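K.L.:
below: sequence and its predicted model.
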Amino acid sequence: MTAPVHHITHPLIQHKLTLMRQKDRSTNSFRRLLNEISMLMAYEVTRDMPTQMIEIETPLETMMAPVIDGKKTVFVSIMRAGAGFLDGMLNVVPGARIGHVGLYRDPKTLVAVEYYFKMPADMHERDAIVLDPMLATGNSAVAAVDRLKETRPKSIRFVCLLAAPEGLAHFRSAHPDVPVYTAAIDRQLDEHGYIVPGLGDAGDRLFGTK
């Protein structure tokens, strides 16, 4: 069965995304908005995260209450733009482990080239949440999840801010078992592989580079 695409339409997320899309938005403001959106999206992505019961003392009595085992969650950041997503997610699940996948897009072929890969140990016990603001051609996302699956994590989810229909189709054909969470599905890719209307290059806008 093909995993679902979760289009997160919460008004707060959509409002902040609109502000991020504006071309005259400062680097500082763009970074802050991405941090806020990633915190809000974390609530949706972790909605069905498993909990365990522990015994605690309230001011009045002892009780059994649920907690999330954050150490079993791994946020996998696709470098470099994934870093902007990571901070907000960690604010919500501070106990999570972190993995990194370093990929760059060949400007001529648009193929993803790997230069770094580092994951926590015992991935078979962990739920992986892959973070990348843009799902454009889908090449980087597919390559990242290809490598991640070699570590055999317990589960994988992919989270992005924007998706293009072409990238979504490519990713789902390669990894139909991986659910996708996105705040927007834009119109299309342009001839350079950028999402339109989009918000430009997320990495450049996040780090103030060109």
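P.N.:
That came through fine.
K.L.:
name the helix or strand for the most far-flung residue of the chain relative to its centre, please.
P.N.:
When distances are taken from the C-alpha mean of the chain, residue 60 lies farthest, 40.4 Å away, according to Cα atoms, centre = their mean. For residue 60, there is no helix or strand it lies in under DSSP states H and E.
K.L.:
phi, psi of it?
P.N.:
phi -110, psi -30 (degrees, to the nearest 10).
K.L.:
tell me where the model's unsure across this structure.
P.N.:
Counting by pLDDT under 70, the chain has low-confidence residues at 110.
K.L.:
what segments of this structure are helices?
P.N.:
For the chain, the helices defined by DSSP state H cover 11-21, 27-45, 82-92, 139-149, 165-174, 202-207.
K.L.:
buried set for the second one?
P.N.:
Under the neighbour-count criterion of 16 or more other Cβ atoms under 10 Å, helix 27-45 has 30-42, 45 buried. C-beta: built from backbone N, CA, C; applies to glycine.
K.L.:
next, the angle from it to helix 82-92.
P.N.:
60 degrees (axes from the mean of the first three to the mean of the last three Cα atoms, to 10 degrees).
K.L.:
helices and strands around helix 27-45, which ones?
P.N.:
helix 11-21, helix 82-92, strand 155-163, strand 180-185, helix 202-207 (3 or more Cβ pairs under 8 Å, 6 or more residues apart in numbering; DSSP states H and E).
K.L.:
can you do 6 Å?
P.N.:
Using 3 or more Cβ pairs under 6 Å, 6 or more residues apart in numbering; DSSP states H and E as the contact criterion, the elements in contact with helix 27-45 are helix 11-21, helix 82-92.
K.L.:
can those helices go into TSV with extra columns for mean neighbour count?
P.N.:
Shown next, in TSV, are the helices and strands packed on helix 27-45 (neighbours: other Cβ atoms under 10 Å):
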stretch	mean neighbour count
helix 11-21	15
helix 82-92	20
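K.L.:
I'd like the ones you listed laid out as a markdown table, including distance to residue 190.
P.N.:
Converted to a markdown table, these look like this (distance: least, Cβ to Cβ, whole Å):
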| stretch | distance to residue 190 |
| --- | --- |
| helix 11-21 | 15 |
| helix 82-92 | 22 |
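K.L.:
to residue 113, which of those helices lies closest?
P.N.:
Among the helices and strands packed on helix 27-45, the nearest to residue 113 by Cβ to Cβ is helix 82-92 (16.0 Å).
K.L.:
who's in contact with the most centrally placed residue in the chain?
P.N.:
The chain has residue 131 as the residue nearest its centroid, 2.4 Å off, counting by Cα atoms, centre = their mean. For residue 131, the contact set (Cβ atoms under 6 Å, 6 or more residues apart in numbering) comprises 75, 77, 82, 85-86, 159.
K.L.:
can you redo the helices of the chain as TSV with distance to residue 3?
P.N.:
As requested, the helices of the chain are exported to TSV (distance: least, Cβ to Cβ, whole Å):
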stretch	distance to residue 3
helix 11-21	21
helix 27-45	13
helix 82-92	20
helix 139-149	12
helix 165-174	8
helix 202-207	24
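K.L.:
got a list of what the closest residue to residue 38 other than its chain neighbours touches?
P.N.:
Spatially, and ignoring its direct neighbours in sequence, residue 38 is nearest to residue 88 (2.9 Å; Cβ to Cβ, 6 or more residues apart in numbering). The contact partners of residue 88, taken as Cβ under 6 Å, 6+ apart, are 35, 38-39.
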